[in-house]
Each structure stands twice: as C-alpha cells, then as structure tokens.
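Enquirer: Fold the stuff below for me.
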Amino acid sequence: MSKLINPFQEDTLPPFDGFPKDALRFLSELKKNNNREWFAAQKERYERNVRQPMLTLLDTLATRLRAVDPDIVLEAKKAMYRIYRDVRFSADKSPCKVWIAAAFTYRGFDRKHDAAFYFHIMPEEIGVGGGLYAPQGDRLKNIRNAIDADAAALRGILGTKSFTQYFGALQGEELKRIPMGFDKEHPDADLLKKKQLLCWQTLPVSLVTEAALADRLQEHFTAMAPFVRWLVDHS
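Expert: I've put the predicted structure just below:
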C-alpha cells in the first residue's frame with residue numbers, strides 16, 4: 001500500500017506571501033468587539049486570515065534561521081502565542097489578545113524564562129526584538145557577574161554594524177545606581193545597571209500584507225542572534 005502524503009506536512013507548506021488584508025481588519029474589529037460571542041462567530045475568519053498565515057510565516061522563518069544558526073529552534077505552533085488571554089488574575093476580563101505574537105530561543109533553553117527572539121503584529125505596528133525582558137531567579141545575577149568578569153564580547157556584539165543598524169543601542173529598564181557588590185567606578189557600570197537587556201525596533205505595518213515581511217524579520221533576527229546567544233550562554 002502506498003504511503004499517504006499529508007498535505008499539511010511542514011515541508012509542503014506554501015511559501016509566505018503576506019497576510020490577507022483582512023488580517024489587520026480582523027484585529028482592529030476584535031479590539032472593538034472583544035467578547036466570546038463575537039470571536040466565536042468570527043473564529044473561522046481568524047483561522048483562515050490570521051492564524052494560518054502566521055504559522056506559514058513562522059515555518060518560513062524557521063527554515064531560514066536554521067541556516068543562520070542550527071541551534072535556533074522555531075517550531076511554529078509552539079512559538080505562536082495563543083489568542084486567548086489568561087484572565088484568572090486580571091481585572092480586565094476581555095477574552096482575547098488584540099495582536100498576534102511569537103517567541104522562540106536556542107536549543108536547550110526556555111522562551112518563557114531565558115533570552116529569546118520575539119515579534120508581534122498589531123493594527124498599529126509590527127514590533128520585533130529580543131533579549132531578557134524579565135530575568136528570573138539567578139539569571140540577572142549571572143549576567144552581571146559575566147559583565148563584571150569580562151564585558152568585551154558583549155560590547156563587541158552591541159557595537160557591530162548589523163546590531164547598531166537594526167537596533168541602535170541596548171535597551172531596557174535600568175537602576176539609577178550600580179548594583180550592590182560592584183565597584184561604583186566600574187568601567188561597565190552602564191551594563192551592570194540594566195534590569196532588562198533588550199533590543200527593539202518597530203516596522204511599518206504596511207509590510208503585513210507583503211512577502212517581504214519574512215525578509216525583514218529574518219534580517220532583524222539575524223542581527224540580534226549573537227546578542228541572544230550571549231545572553232543564554234551567560235544567564
């Protein structure tokens with residue numbers, strides 16, 4: 001008996017050629033009608049014009065980023081965040097997020113806790129970035145110890161032409177004073193003060209309907225890859 005071919009198998013998916021125009025329209029309407037009844041009535045539209053194109057985009061990026069670094073792990077369905085909000089401990093009981101987003105990181109690490117790559121699509125913007133947003137446990141302590149010992153490699157990454165071209169400078173909240181335990185005159189005080197270590201850029205929302213969106217995201221993720229790699233290795 002011949003083996004049946006699954007038409008939805010990853011390597012048979014069509015290339016990403018942009019979201020339908022209705023994707024942003026859907027997100028805008030969801031923002032005005034964020035209730036279970038409206039979403040249930042529009043779910044097929046969401047699946048067709050938002051979720052499936054997003055998964056195709058992620059599959060396209062996964063293939064391309066493996067060539068950048070085979071240890072970047074992007075599994076589309078795991079990387080894409082659910083549209084449903086966790087409202088158990090929130091005063092806002094709106095059931096859905098009014099954007100779509102995805103995050104992924106290096107093999108052996110967890111996007112929820114470790115440094116990661118991230119992007120979102122909103123009706124107003126496309127945001128792309130990466131790094132450590134909310135370091136937990138000893139992660140921030142480990143990063144600061146690594147900076148204290150030798151910050152040259154990190155500074156080298158942050159000073160590359162590709163990083164500065166796409167992201168400018170290191171971003172994130174920081175302390176007003178250098179953390180306890182470090183020399184107040186430390187030459188890398190600016191890095192030690194960081195509570196978050198992030199890079200971020202917004203892209204024109206007009207890219208959403210274009211195949212070039214995959215190209216632009218690939219460029220940004222490639223530029224930030226050494227930065228995210230340094231963070232996962234030192235946290």
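Enquirer: Okay, and residue 54 sits in which element?
Expert: helix 52-68 (DSSP states H and E).
Enquirer: Give me the contact list for the very next helix or strand once past that helix.
Expert: Helices and strands here follow DSSP H and E; after helix 52-68, the next one along the chain is strand 72-73. Surrounding strand 72-73, the residues in contact under the criterion Cβ atoms under 8 Å, 6 or more residues apart in numbering are 65-66, 104-107, 117, 221, 225. Backbone N, C-alpha and C define where each C-beta goes, glycine included.
Enquirer: is it true that residue 117 touches residue 104?
Expert: Yes - with contact defined as Cβ atoms under 8 Å, residue 117 reaches residue 104; the gap is 5.5 Å.
Enquirer: in the longest helix along the chain, what counts as buried?
Expert: The longest helix of the chain (DSSP state H) is helix 212-234. By neighbour count with 16 or more other Cβ atoms under 10 Å, helix 212-234 contains the buried residues 213-214, 216-218, 220-232, 234.
Enquirer: ok, back up a step: hey, what's in contact with both of residue 117 and residue 104?
Expert: 72, 74.
Enquirer: What mean pLDDT does the helix holding residue 54 get?
Expert: Confidence over helix 52-68 (mean pLDDT, whole number) is 96.
Enquirer: do stretch 92-111 as well
Expert: Per-residue pLDDT values over stretch 92-111 give a mean of 96.
Enquirer: So the residue nearest the centre of the chain, which state does it fall into?
Expert: By Cα atoms, centre = their mean, the mean C-alpha position of the chain lies nearest to residue 118, the distance being 0.3 Å. Here residue 118 is recorded as strand under DSSP: H, G, I helix; E, B strand; the rest coil.
Enquirer: which residues touch the nearest residue to it once chain neighbours are set aside?
Expert: Once flanking residues are discounted, residue 118 sits nearest to residue 103: 4.4 Å by Cβ to Cβ, 6 or more residues apart in numbering. By Cβ under 8 Å, 6+ apart, residue 103 lies in contact with 79, 81, 111, 116-118.
Enquirer: returning to what we had before: ok now the helix holding residue 54, how far from the chain's centre?
Expert: Relative to its chain's centre, helix 52-68 lies at 13 Å (Cα atoms, centre = their mean, to the nearest Å).
Enquirer: got the angle for it vs helix 212-234?
Expert: Here helix 52-68 runs at an angle of 50 degrees relative to helix 212-234 (axes from the mean of the first three to the mean of the last three Cα atoms, to 10 degrees).
Enquirer: List the buried residues in helix 52-68.
Expert: 53-65.
Enquirer: Over to stretch 158-172?
Expert: Buried, per 16+ other Cβ under 10 Å, within stretch 158-172: 158, 163, 166-167, 170-172.
Enquirer: Using ChimeraX, define a selection of the buried residues within the contacts of residue 103.
Expert: Per 16+ other Cβ under 10 Å, the buried members of the contacts of residue 103 correspond to this ChimeraX selection:
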select :79,111,116,117,118
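Enquirer: got the contacts of residue 103 as a markdown table, with distance to residue 33 columns?
Expert: Putting the contacts of residue 103 into a markdown table (distance: Cβ to Cβ, whole Å) gives the following:
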| residue | distance to residue 33 |
| --- | --- |
| 79 | 27 |
| 81 | 20 |
| 111 | 30 |
| 116 | 31 |
| 117 | 31 |
| 118 | 27 |
